[in-house]
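Peer 1: Output the structure for:
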Amino acid sequence: MMAFWTQLGLLLWKNFTYRRRQTFQLLIEVAWPLFIFFILISVRLSYPPYEQHECHFPNKAMPSAGTLPWIQGIICNANNPCFRYPTPGESPGIVGNFNASIVSRLFSDAKRLLLYSQQDTSVKDVQKVLGKLRKLGSSSGL
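Peer 2: Alright, predicted model coming up:
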């Protein structure tokens, strides 16, 4: 136990002697953290914090939920809005809340058209899909 205190005393003495001989390095080692600290204080004082309401973000499906919900989550929430109140998709077990979106209806019409193309109503389905595409194009300003 005595050797520990002796070694610690010798180490502190060596450190003190080294620092006394290297005054420029000592000044840099003390001044640099203080300089960074004052920069942080000035940034904090220049931009004070502001209160913001709690944010609820729309749900975004992961790729494992399926391709369509994943794409809808990317397209419909591209700007990542912040809502003041809980969104419909925050409930447990809900994968997406885009069932009434244009993309969802377009995919369901295309799926129905492709799966039942042998029936007589396929021409009507094609017309429905083309009508939806025209609406989508006119609403997006293309």
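Peer 1: Pop the domain breakdown of this structure in here.
Peer 2: The record's domain split for the chain, according to the TED database, is 1-46, 52-100, 102-135.
Peer 1: Need phi/psi at the residue nearest to the spatial centre of the chain.
Peer 2: Centroid-nearest residue in the chain, with CA atoms, centre = their mean: N80, separated by 8.2 Å. Backbone torsions for N80, taken as degrees, to the nearest 10, come to phi 50, psi 60.
Peer 1: likewise F83?
Peer 2: Reported as degrees, to the nearest 10, the phi and psi values for F83 are phi -100, psi 150.
Peer 1: just checking, it touches H53?
Peer 2: No. Look at F83 against H53 with CB atoms under 8 Å: they stay out of range, at 9.2 Å. In this view, the C-beta of every residue, glycine as well, is placed from N, C-alpha and C.
Peer 1: Can you list the low-confidence ranges for the chain?
Peer 2: Applying pLDDT under 70 to the chain flags the ranges 1, 89-103, 116-125, 140-142.
Peer 1: so where do the strands sit in it?
Peer 2: Remark: no strands are assigned in the chain by DSSP state E.
Peer 1: quick check: longest helix of it.
Peer 2: Longest helix in the chain, counting residues (DSSP state H): helix 23-46.
Peer 1: Nearest spatial neighbour of the residue nearest to the centre of the chain, chain-adjacent residues omitted?
Peer 2: F57 (6.4 Å; CB to CB, 6 or more residues apart in numbering).
Peer 1: What is the neighbour count of the closest residue in space to H56 that isn't next to it in sequence?
Peer 2: Nearest non-adjacent residue to H56, counting by CB to CB, 6+ apart: F83, 4.6 Å away. Around F83 there are 13 other residues, counting by other CB atoms under 10 Å.
Peer 1: Alright, that wraps it up for me.
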